[in-house]
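1. mind looking at a prediction? Sequence and model below.
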Amino acid sequence: MKKETKQSIVKTVNKKSTPEEINDFLDIAMAKEPAEKRQKPKLANIKLEKLHPFEGHPYKVVDDESMGELKISIQEKGLLNRIIVRPLEDTPDEYEIISGHRRVHAAELLEIKEVPAVVYFIDRDEATVLMVDSNCQRESVSPVERGKAYRMKLEAIKHQGTSSQVETKLRSDERIAQDSGDSRATVQRFIRLTYLTPELQEYVDTGKMKVSPAVEISFLDEERQRDIVDRIDETEIFPSHAQARRMRQLAAEGSLDYDSINEIMSELKPNQVEKLKIPVDSIRQYAPRGSTPKDMEELLIRLAKENYQRECRMRDDGAR
């Protein structure tokens with residue numbers, strides 16, 4: 001797809017757009033593309049048994065509330081938007097789904113025999129880029145799903161870059177950033193999540209582990225990552241960003257092992273320290289006039305210390 005065409009799609013489609021609306025824009029964009037040494041796209045009704053999921057498809061298709069709503073919509077109105085497919089190289093009478101996995105699954109649940117599609121005669125790399133671009137604007141995409149999609153697109157773009165047909169003035173991750181609206185650094189951070197073990201990826205997607213420490217941990221080898229998983233299973237405590245950075249540093253120095261992981265993750269984090277909250281008004285009348293909250297805090301600490309020292313002296317006197 002031409003660069004200017006893809007940029008126009010990014011500008012036109014916002015985060016509130018549905019996958020179906022995105023597909024409309026993609027259909028229009030692809031239809032405008034010159035047919036250079038390729039067969040033009042065609043419309044077809046394809047039987048479900050002829051359809052295959054995109055190999056390595058990074059986005060989960062789940063039977064959630066959104067899927068229930070999609071089923072009702074299709075049941076009442078039919079499939080209003082065509083799915084996007086391409087013929088399989090080995091079996092051209094069967095097709096790989098590029099966009100529309102959720103709609104196909106809903107059709108299966110409704111026992112619909114065939115679905116309307118637009119067939120594009122494009123190669124694997126072009127299909128990968130199109131598949132990622134047609135889904136990246138969905139609000140329900142998890143961090144790891146986004147990372148897997150960006151990594152697939154990155155590898156496809158790099159592979160395209162080996163061909164004289166593709167212009168590669170921009171870095172591959174810069175092109176992804178330009179298409180997605182994320183910064184290049186953000187794209188790289190999402191991709192790093194794909195180097196985590198499945199258990200850690202699940203922690204990230206469920207929100208139990210923050211993205212920042214997960215990115216640091218992604219640089220550790222699988223054995224050390226599994227040591228962290230074991231520690232989490234034992235304590236239900238997740239490493240902070242600072243702790244994850246220290247583990248990464250120790251790993252770079254060749255001194256990270258199970259014991260050092262336990263030692264670091266056993267440390268009390270700032271958000272685990274109990275804090276005493278006292279309304280300012282409850283002590284303002286006992287503090288010197290004009291005292292700031294900081295002055296009152298210091299006053300309470302001094303009085304508590306003096307009281308502790310007085311009790312210690314009384315215990316000592318009673319013991320003589």
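-> Cool, got the structure. Numbering: from 1, shown residues only.
2. can you pull the buried residues of stretch 59-68?
-> Judged by neighbour count (16 or more other Cβ atoms under 10 Å), stretch 59-68 contains these buried residues: Y59. For the C-beta atoms, the positions are set from N, CA and C on the backbone; glycine is no exception.
3. flag the shaky bits of the protein, pLDDT-wise.
-> For the chain, the stretches with pLDDT under 70 are 1-38, 136-139, 161-170, 268-276, 318-320.
4. rerun at 80
-> In the predicted model, the chain carries pLDDT under 80 at residues 1-38, 92, 135-140, 159-173, 175, 178-181, 268-278, 280-282, 284-285, 315-320.
5. what residues sit buried inside the longest helix along it?
-> Among the elements of the chain assigned as helix by DSSP state H, the one spanning the most residues is helix 293-319. Residues of helix 293-319 classed as buried under the neighbour-count rule (16+ other Cβ under 10 Å) are M296.
6. do the same with stretch 129-148
-> For stretch 129-148, the neighbour count (16+ other Cβ under 10 Å) marks 129-138, 141-148 as buried.
7. how about stretch 66-76?
-> L70, K71, I74.
8. what's near enough to touch the last one?
-> When contacts are counted by Cβ atoms under 8 Å, 6 or more residues apart in numbering, I74 is found next to R103, A106, A107, L110, I112.
9. quick one, strands of this structure?
-> Per DSSP state E, the chain has strands spanning 42-47, 51-52, 83-87, 95-99, 114-119. These are given in chain order.
10. now these in CSV, with mean neighbour count?
-> Formatted as CSV, the entries for those read as follows, by neighbours: other Cβ atoms under 10 Å:
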stretch, mean neighbour count
strand 42-47, 13
strand 51-52, 18
strand 83-87, 23
strand 95-99, 23
strand 114-119, 20
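11. tell me which of those lies nearest to D317.
-> Proximity to D317 (Cβ to Cβ) singles out strand 95-99 among the strands of the chain, at 83.5 Å.
12. so which of the contacts of I74 belong to helices?
-> Checking those against DSSP H, those in helices are R103, A106, A107.
13. ok, and the most crowded of those residues?
-> With neighbours taken as other Cβ atoms under 10 Å, the top of the ones in helices among the contacts of I74 is R103, carrying 26 neighbours.
14. that residue touches I84, doesn't it?
-> No: applying Cβ atoms under 8 Å, one finds R103 not in contact with I84, separated by 10.4 Å.
15. now M209: closest residue in space, sequence neighbours ignored.
-> Closest residue to M209 in three dimensions, ignoring its sequence neighbours and counting by Cβ to Cβ, 6 or more residues apart in numbering: Y203, at 4.0 Å.
16. number of residues surrounding the one you found?
-> The tally of other residues near Y203 (other Cβ under 10 Å) stands at 22.
17. what residues are up against it?
-> Applying Cβ under 8 Å, 6+ apart, we find Y203 in contact with M209, A214, I232, F238.
18. the residue lying closest to the third one once chain neighbours are set aside: how many residues sit nearby?
-> On the basis of Cβ to Cβ, 6+ apart, the spatially nearest residue to I232 that is not a chain neighbour turns out to be F238, at 6.0 Å. When neighbours are defined as other Cβ under 10 Å, F238 has 19 of them.
19. what residues does F238 make contact with?
-> Y203, K208, M209, K210, P213, I232.
20. next, it: phi, psi?
-> As for F238, its main-chain torsions (degrees, to the nearest 10) stand at phi -110, psi 150.
21. against S180, how distant is it?
-> With distances defined as Cβ to Cβ, to the nearest Å, the gap from F238 to S180 amounts to 28 Å.
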